[in-house]
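[1] turn this into a model:
(one chain, ligands or ions: 1)
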Amino acid sequence: MTHEEILQSLYDHTLTGNAPEVKALTNAGLADGMNPESILYDALIPSLEEVGARFERGDYFVPEMLIAARAMQGALDILRPLLAETGVVQVGTFLMGTVKGDVHDIGKNLVNIMLEGAGFTVIDLGVNVAPERFIEKILEVNPDIVGFSAFLTTTMPMFKANINALEKAGLRDKVIVMVGGAPVTKEYADVVGADGYAADASTAVRLAKELIAKARSAVAVA
Ligand code: B1M
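    So this is what the prediction gives:
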């Protein structure tokens, strides 16, 4: 198979949720020298976008979305060590979680992989994380950044609830807040009072580094 054919097959089998085939194709592509980023960005992510489009049109339902997501996750497990391959020094601690009411985690996991690859220590609280749980963990690990992911328009208001909880606990000035997720925009992030918003995993990494550098230089000046 050519690399183009592998990408097309990966796209097709993710779309139909054929997890064993997606794993086999991922392994075959890597063994044949394909770039892990290409497998991710040229096949797996576009396929999930099409899954979403089909769901919106009423051609797919939740079970189809679920099996496609599982197929994608199988490939991500294989790609994870390659995407996160790094020799860089530790740049900071990032506490991450999908907000309360929301169980989507593929995008969050991808951001985590890229952060780890860039030298962050990532502590992932998983999905459906209540504000109290974020607070509890911030007090325990004192992260540089806390990241809230939301993938539904109905769960995006949890950003504000989480930030309110941080303020109430006297922690708002002690931690940088980043938000992201498919329906989130920079405007929304600004309105809820987040320090940063990123549309994708690589932008999230770049922004996280910038925000930490800014916070540390502000401390150095003070
Ligand atoms: Co859901 N779902 N889903 N779903 N699902 C969406 C999000 C949807 C857009 C589909 C659609 O209608 N087109 C839609 C939301 C509409 C809206 O609110 N605007 C939707 C819906 C409606 C639902 C349910 C309500 C369906 C139902 O039950 N009727 C339900 C809700 C469950 C809940 O959470 N309470 C539901 C359930 C599910 C499954 C469980 C079946 C499954 C999730 C499995 C899993 O995650 N383990 C699922 C899936 C797979 C999807 C789609 C198809 C794919 C999501 C995905 O993984 N994308 C999705 C359609 C779509 O997105 N086009 C959809 C790939 C991923 C790499 O991209 O998540 O955007 P993304 O992550 C990006 C960026 O957002 C960013 O970086 C990531 C990597 O580049 N990013 C950050 C993410 N977090 C960040 C944090 C940062 C910075 C950047 O800083 C902290």
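
[2] in the chain, which spans are strands?
    For the chain, applying DSSP state E gives strands covering 92-98, 120-124, 145-149, 176-180, 196-197.

[3] dump the C-alpha coordinates for the fourth one into CSV.
    The reference is to strand 176-180. Extracted in CSV, the C-alpha atoms of strand 176-180 (Å, rounded to 0.1, in the frame of the first residue of the first chain):
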residue,chain,number,x,y,z
ILE,A,176,-2.8,30.5,35.0
VAL,A,177,-6.1,29.4,33.5
MET,A,178,-6.2,28.0,29.9
VAL,A,179,-9.4,26.9,28.1
GLY,A,180,-10.1,25.0,24.9
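
[4] quick one: average pLDDT of it?
    Here strand 176-180 scores 98 as its mean pLDDT.

[5] is any part of it close to the ligand?
    Yes - legend: contact between strand 176-180 and the ligand by Cβ under 6 Å from any ligand atom is shown at 178, 179, 180. From N, CA and C alone the C-beta is placed, and that goes for glycine too.

[6] who does that strand touch, helix- and strand-wise?
    Helices and strands touching strand 176-180, by 3 or more Cβ pairs under 8 Å, 6 or more residues apart in numbering; DSSP states H and E, are strand 145-149, helix 158-168, helix 186-192, strand 196-197, helix 201-221.

[7] most tightly surrounded among these?
    Ranked by average neighbour count under the criterion mean count of other Cβ atoms under 10 Å, those are headed by strand 145-149 at a mean of 28.

[8] can you confirm whether that strand lies near the ligand?
    Yes - for strand 145-149 and the ligand, the contact criterion (Cβ under 6 Å from any ligand atom) is met by 147, 148, 149.

[9] in CSV: these, plus pLDDT.
    Formatted as CSV, the residues of strand 145-149 next to the ligand follow (pLDDT from 0 to 100):
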residue, pLDDT
147, 98
148, 98
149, 98
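
[10] flag every residue of this protein that's near the ligand.
    So the chain meets the ligand at 45, 48-49, 51-52, 55-56, 62, 65-66, 69, 101-108, 110-111, 147-149, 151-153, 178-183, 198, 200-201, 204 (Cβ under 6 Å from any ligand atom).

[11] of these, grab the buried ones for ChimeraX.
    Typed into ChimeraX, the next command selects the buried ones out of those (criterion: 16 or more other Cβ atoms under 10 Å):
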select :45,48,51,65,69,102,104,105,106,107,108,110,111,147,148,149,151,152,178,179,180,181,198,201,204
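
[12] what residue spans form the domains of this structure?
    Domain assignment for the chain by automatic domain parsing gives 3-86, 92-221.
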